[in-house]
Structures are given as C-alpha cells and as structure tokens.
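J.: Would you be able to build a 3D model of this:
(one chain, ligands or ions: 1)
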Amino acid sequence: MANLTGIGGEAAAQTSSLPLYHKAIDWDALYREYPVPDVYARSVYLWSADRVRDLQNRRFMALVDIGWKNRFYQSLWGKAGVAPGDIRSIDDIEKLPTFNSDDIKNDQAEHPPFGLLPGYESLEDHLRTTPSRLQSSGGTTGKPRYTLQGITENEVNSISAARGLYLQGVRTGDILQIPATNAMASLPWAYSKACNEYLGVLPVTTGSGVVTPTRRQLEIAFDVGVNCWMSFPEYLTRLAQAAKDELGRDVRELKTKMITTFLGPDTEGTLRAHLESLWGCPVYDNYGVNEVGHGALECSHRRGLHFMEDLSYFEILDTESFKPVEHGKVGNLVATVLYRKTFPIIRYNLRDLGRMLSTDTCDCGSSFRRMDHFLGRSDNMVRMRGVNVYPMGCLPAVRSDPRTTGEWVCEAWDGVVDGRAREELTVHVEVRRDAGAVDGLQAKLESRLKNDLGLSVGVKLVDEGQLQTVASLGEGKAKRLIERRAAYLKKS
Ligand SMILES: [Zn+2]
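T.: So this is what the prediction gives:
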C-alpha cells in the first residue's frame, strides 16, 4: 500500500492504453474552433453574415468529405445521382437529397444497433479509440432513434447549451435547477455539463418529477437558493401551483433571474406571459433536437430564435416540393450539423415546422438569422377537406381565453353532411374548474380556430383534467391528435 503515494499519476496516464477522455483530443484546439461562452459572445456571435457564411462553407465542405466516406451517404447520394465534385461549396447544398427520421430508423433496423450513419467500420474498434456516449430521441412516435457522440459532439453540445444560457443572462455564481433526468435524452446532460464545465454555474440536477417529487424539488430550490431554471412549460406551471398548494409559498419568493425553456408554437406570447407572471422573471425560448443538439435560441432581445449558425446550417423547405420556401413562409426545418463527425447529419429533414422571421442584424448585434417559435410537427399534419391542418396550430386560439386550461386535443372523424361523407375535426378544449360562466366560449373558439386554421372545426368544451390521459400531459411531448377517420386508420 505504501507505494500508492508518489506512483506518478501523470506518467501512468501517458503510458495507459485506455482511451482516456481527457487525453483523447487537443482541448485548446477544440476551444479555438468552438469558443466557450464569453469568448463566443464577443467574437463569432457578432461576425458579419459573410464571415459566418465562410465559416459554414469551410465546415460544410469538410463534412461533405466525411459524407463521401460514409456508407449511409454513399448510398443516399449515389441513388440521387450526385457525384463527388458536384458539391463545390455550400451554395450547392440543394443538390444533395434530404433524409428523415424514418431513414435513420430503417438504417438502424437493417444494420443494428446504430446503423451505417455513425460512419465507423466496426463498433468495437470505434469504442476502443473514441470515448463515446449513447443518446436517443424520446421515442414518442415508436422506437427511439439512437445517436452516438464522440468527444467533440458531446463537448460542443454542452458548449452550445452554455452559450445559450450565457446569452440569456446566466453568469458565474448563479445556481440553475434542472428538473429533467440525465438519461437517454441529451438535453439534461448538455445543461448540467454546461453549468459545471463551461460557466461556473452550480447545476442542481434534481431529475424529473418521477425521480424527485415536485414538493421536494421546490424545497431544494428554496434551500439552495436556486435563481435560474431549465425546464418545460407544463412542469414550470406545475411547480408554481405546487408551491402554493403544498408549501403555502409563492415561487416568486425565489426571485428567479431567468428561465430557459421550450415554448413551442407560442406565436402570440400568451404561454410566455403566463409563465412570466407565475415566476416573475424573463422566460427564454429555445429549439433543439436529438440529432442536432441546440439548434436555435432567443437572445436577450427575444425577437425570434437565432439559429446557431456556426454549428448548424438550417434550411426551410416546402413540405411537399422540398424547395426552399419564400421568406416568412412556413416549411420544414432541414438541418446540416456542422460539428458532428461521428454520426454526421447532412440535410436532415426534421419535419418540424419553422418560419424565418428576420435575416437582418438583431439589436443584440448578431447577424445569425432568426426564426419564429417552433410551429409543430409536419408529420402530425392532418389533411382535412383539402386543407393542411397542424394540431399545434390550435395553441394560440386555445390560450387566448383565460377560461381554458390551455390544453386541447384534436379529433379527426368521418361525418355526414346532407347525406354526404365529410371529414370533420373536433377540438376538445379543457375549461378551468374556476372559469365561472362559459357563455360564448365555444363560439369564440370556433370562430378564432376557423380563422387560424383556415377550416371550420367544432369545439367541444370538457372539464379540467379530462384530457390528462388522452393527451399524455406531463409525460414529455403531449399528444394533440386522435385519428378516427377510417381511410387513415387503415393506412397506419
Ligand atoms: Zn439577438
């Protein structure tokens, strides 16, 4: 035992044949390429659009080289008739075909466990040389999709979360609670690492309400002096209510500095206003996806979500023609991730709906393009009497009246009008227990929804709590559509 002291840890690490994380890459080079938050906020983030485009181009061309060596892209691009040499700069990106999550699922089913997309020859050899992490999508629609992250992917994902928090006002010495479990989803990991390793912020990693009950989450927040939060709107609302009901306190006593969250299609700001009044602090929106990481975020001016242009290149394409939409029109977000070498992502159609708000320089000084809030999933789209309807598009209407709980579920069904079959959509809307008189509410919502969706729909008012199970509220992403039309049930 005596010779355990002075054994020479440094020398031992250098002679080790293990793929030690902290020896596997050149860290200074990583931070030069992907600056940490404060350096970033005064450099890349403020670069001119041209300079940003040059950076994107350099990273994109390196990525295309990686793609040509990757069997997934060799096959995808080969089938589309693209040849090496066709892609000379990022201006040629539209020549490459897009792919979507079904292609990833098929790839992983045909070549288990992780498909050809990660780009290695042998998983065992890859793990021997590359300290890796396994993450997956939530799997709300079927089997989860796996992603593998090497060191660069893992670190840049965390650096990106840290940059977001920094731009939204979080500073060294703050204490940030993360009521989300460090498990298969990368988001909680990215935020706890961001605080711990890139900001000098204390992460309070309580896990979700399943791991740490809501009451205990609040006790910890009050005990520790938590002043910042990363959480989802539904849970933030629940925390505020539980503070009153179970502790007899107001979350505003926490004097929270800021909350970073994922607002979804809150195009009129009603959800944000609700959260801000509950918590008494600014609330910032973000957008991210498993395969991309942190894709877009609001700066302190909150006039759209800045794409993280140095890390991902986003396009907005028409949902049917796959051609770029006109500025300001809604389309599918298509991402090319400029920093992933393991599991490279090149023109991935996220089937998430987005809309460009502005390409002008923001008041914060950044020329990074800004998009509207995430507007919903295009594969949840319902084709109804020739009109494309997005169930998430009901959010502004449903939240426009304080008598609703803000929750809804759409039901598509086969109706009969004048003896003829007609597709119908009924929007079930929860009414607050303490709403009082609901006179005129149904008609008001029907009129507003007709205007927002471009289609006559019926509204059915239901009691508070009735949609809890149907919509899977409080279990991650809520379910907003029930399909009962025979033609569509047969297909799926
Ligand atoms: Zn800005």
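
J.: quick one: the residue lying closest to S136 once chain neighbours are set aside and R133, what's the gap?
T.: Leaving aside its chain neighbours, S136 sits nearest to P144 (3.9 Å; criterion: CB to CB, 6 or more residues apart in numbering). Where you see a C-beta, it was placed from the backbone N, CA and C, and this is true even at glycine. As defined by CB to CB, to the nearest Å, P144 lies at a distance of 15 Å from R133.

J.: List the contacts of the lengthiest helix in the chain.
T.: Of all the segments assigned as helix in the chain under DSSP state H, the longest by residue count is helix 49-68. Helix 49-68 is contacted by residues 44, 47, 73-74, 77, 84, 87, 89-90, 93, 119, 309-310, 313, 336, 338-339, 341, 344, 346, 359, 361, 367-368 when judged by CB atoms under 8 Å, 6 or more residues apart in numbering.

J.: Can you tell me which residues in the chain are near the ion?
T.: Taking CB under 5 Å from the ion as the measure of proximity, the chain contacts the ion at 299, 301, 362, 364.

J.: Report the separation between the residue nearest to S136 and L202.
T.: Counting by CB to CB - P144 and L202 are separated by 31 Å.

J.: about what we covered before: looking at the contacts of helix 49-68, which are in strands?
T.: Within those, membership in strands is found for 313, 336, as judged by DSSP state E.

J.: For the longest helix of the chain, output the C-alpha coordinates as CSV.
T.: Taking only C-alpha atoms (Å, rounded to 0.1, in the frame of the first residue of the first chain), the coordinates of helix 49-68 have been written out as CSV:
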residue,chain,number,x,y,z
ALA,A,49,-23.1,37.4,-42.3
ASP,A,50,-20.4,37.0,-44.9
ARG,A,51,-17.8,35.9,-42.4
VAL,A,52,-20.3,33.4,-40.9
ARG,A,53,-21.1,32.1,-44.4
ASP,A,54,-17.3,31.5,-45.0
LEU,A,55,-17.1,29.5,-41.7
GLN,A,56,-20.2,27.5,-42.6
ASN,A,57,-18.7,26.8,-46.1
ARG,A,58,-15.4,25.6,-44.6
ARG,A,59,-17.1,23.3,-42.2
PHE,A,60,-19.7,22.1,-44.7
MET,A,61,-17.0,21.1,-47.3
ALA,A,62,-15.1,19.1,-44.6
LEU,A,63,-18.4,17.4,-43.7
VAL,A,64,-19.1,16.5,-47.4
ASP,A,65,-15.7,14.8,-47.5
ILE,A,66,-16.7,12.8,-44.4
GLY,A,67,-20.1,12.0,-46.1
TRP,A,68,-18.4,10.5,-49.2
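
J.: Specify which member of the residues of the chain next to the ion is nearest to L481.
T.: Relative to L481, the closest of the residues of the chain next to the ion is C299; by CB to CB it sits at 33.1 Å.

J.: Name all residues that make contact with the nearest residue to that closest one once chain neighbours are set aside.
T.: Nearest in space to C299, with sequence neighbours left out and distances taken as CB to CB, 6+ apart, is C364 at 4.3 Å. Taking CB under 8 Å, 6+ apart, we find C364 in contact with 167, 299-301.

J.: what residues does the strand or helix carrying E197 touch?
T.: Take DSSP states H and E as the rule and E197 turns out to sit in helix 186-198. Counting by CB under 8 Å, 6+ apart, the neighbours of helix 186-198 from elsewhere in the structure are 36-37, 133, 135, 147, 149, 154, 157-162, 165, 176, 178, 180-182, 201-203, 205, 230, 288, 290, 293-294.

J.: Where helices are concerned, which of those count?
T.: With DSSP H as the criterion, helices contain 37, 154, 157-162, 165 from among the contacts of helix 186-198.

J.: Out of those residues, grab the one that's most surrounded.
T.: Of all the ones in helices among the contacts of helix 186-198, the highest neighbour tally under other CB atoms under 10 Å goes to A161, namely 30 neighbours.

J.: Just checking: what are the partner strands of the longest strand anywhere in the chain?
T.: Once the chain is assigned using DSSP E, the strand that runs over the most residues is strand 404-417. Sheet partners assigned to strand 404-417 using DSSP bridges are listed as strand 420-431 (antiparallel), strand 481-483 (parallel).

J.: Format these as CSV; extra columns: mean neighbour count.
T.: Converted to CSV, these look like this (neighbours: other CB atoms under 10 Å):
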stretch, mean neighbour count
strand 420-431, 18
strand 481-483, 16
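
J.: Next, format those strands as JSON lines and append mean pLDDT.
T.: Converted to JSON lines, the strands paired with strand 404-417 look like this (pLDDT from 0 to 100):
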{"stretch": "strand 420-431", "mean pLDDT": "93"}
{"stretch": "strand 481-483", "mean pLDDT": "88"}
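
J.: out of the ones you listed, nearest to C394?
T.: When the strands paired with strand 404-417 are compared (using CB to CB), the closest one is strand 420-431, at 5.7 Å.

J.: got the CA positions of the helix or strand following the closest one in PDB?
T.: Per DSSP H and E, the first helix or strand lying C-terminal to strand 420-431 is helix 441-453. Taking C-alpha atoms only, helix 441-453 is exported to PDB below (Å, rounded to 0.1, in the frame of the first residue of the first chain):
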ATOM      1  CA  LEU A 441     -66.600  30.500 -25.200                       C
ATOM      2  CA  GLN A 442     -67.400  27.700 -27.600                       C
ATOM      3  CA  ALA A 443     -68.500  30.100 -30.400                       C
ATOM      4  CA  LYS A 444     -65.500  32.400 -29.700                       C
ATOM      5  CA  LEU A 445     -63.000  29.500 -30.000                       C
ATOM      6  CA  GLU A 446     -64.700  28.100 -33.200                       C
ATOM      7  CA  SER A 447     -64.500  31.500 -34.900                       C
ATOM      8  CA  ARG A 448     -60.900  32.000 -33.900                       C
ATOM      9  CA  LEU A 449     -59.900  28.500 -34.900                       C
ATOM     10  CA  LYS A 450     -61.600  28.900 -38.300                       C
ATOM     11  CA  ASN A 451     -59.500  32.000 -38.800                       C
ATOM     12  CA  ASP A 452     -56.200  30.400 -37.600                       C
ATOM     13  CA  LEU A 453     -56.600  27.000 -39.300                       C
END
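
J.: Give the other helices and strands that helix 441-453 contacts.
T.: Contacting helix 441-453 under the criterion 3 or more CB pairs under 8 Å, 6 or more residues apart in numbering; DSSP states H and E are the following elements: helix 395-398, strand 420-431, strand 458-463.

J.: Pull out the buried residues from the longest strand of the chain.
T.: For strand 404-417, the neighbour count (16 or more other CB atoms under 10 Å) marks 404-412 as buried.

J.: next one: stretch 300-311
T.: 304-311.

J.: Next, name the residue at the spatial heart of the chain.
T.: For the chain, the residue whose C-alpha lies nearest the mean C-alpha position (CA atoms, centre = their mean) is G288; its distance is 2.4 Å.

J.: Show me what it is bridged to.
T.: Where G288 sits in a bridge, its partners, by DSSP bridges, are H294.

J.: wait, doesn't it sit right on H294?
T.: Yes - using CB atoms under 8 Å, G288 is in contact with H294, at 4.8 Å.

J.: Many thanks, I have nothing further to ask.
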